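Participant: I need the structure of the sequence given here:
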Amino acid sequence: MTAPRRDSALRAAAVLVTVLATVVTTLLEVELTSLRVGGLTGLFHGETDVWTGAGRLIGLAIPVTVAVNLALARFAVATIGRSWAIGVPWALWTLLTLGAAGTRTTEGDYLLGGDNWVALVVILVGSVTFAVYAYRMIMNPLTADPTPS
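Facilitator: Just a heads-up that it's a prediction; the model follows:
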């Protein structure tokens, strides 16, 4: 393969990996928004259904969302090598999250309900995380490699 073809193939593979990682981590974040204290303690007692626990919501999804979205943004930009690469996980994460906010389960509940403060904060903080990373990229743009490979 010639260098430009190999470079394009690697970029395409990086986009694919970024898309897959974004889908998997977004589903994890959505699931963590409904985690409750009773469910977490049930996990330590050997119960398998930790999502139906009673008690207050645990905001574990919030720091997980910040860390994962920063990692996704950094991974996308580093592997794809273009500043537009941050748009791939950001747009996909936003579409999946807003789709989950408008989707009802078979029981009639929303995946990300308006009465779940963790879900609302995750939607806000997740998007702001990508925005802050994009702002930092604007302030410190990518530098082109002076030596061609």
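Participant: please make it C-alpha for all contacts and neighbour counts, starting now.
Facilitator: Noted.
Participant: could I get the buried residue list for stretch 70-90?
Facilitator: 70, 72-73, 75-77, 79-80, 85-90 (16 or more other Cα atoms under 10 Å).
Participant: could you list the low-confidence segments of this structure?
Facilitator: 1, 3, 39-54, 142-149 (pLDDT under 70).
Participant: what sits against the closest residue to residue 83 other than its chain neighbours?
Facilitator: The shortest distance from residue 83 to any non-neighbouring residue, by Cα to Cα, 6 or more residues apart in numbering, is to residue 77 (6.1 Å). Residues near residue 77 by Cα atoms under 8 Å, 6 or more residues apart in numbering: 83-86.
Participant: mind redoing it with 7 Å?
Facilitator: Applying Cα atoms under 7 Å, 6 or more residues apart in numbering to residue 77 gives the contacts 83, 85-86.
Participant: now the helix or strand where it lies: how far from the chain's centre is it?
Facilitator: Counting by DSSP states H and E, the element that carries residue 77 is helix 61-80. Centroid separation between helix 61-80 and its chain, computed with Cα atoms, centre = their mean, to the nearest Å, is 7 Å.
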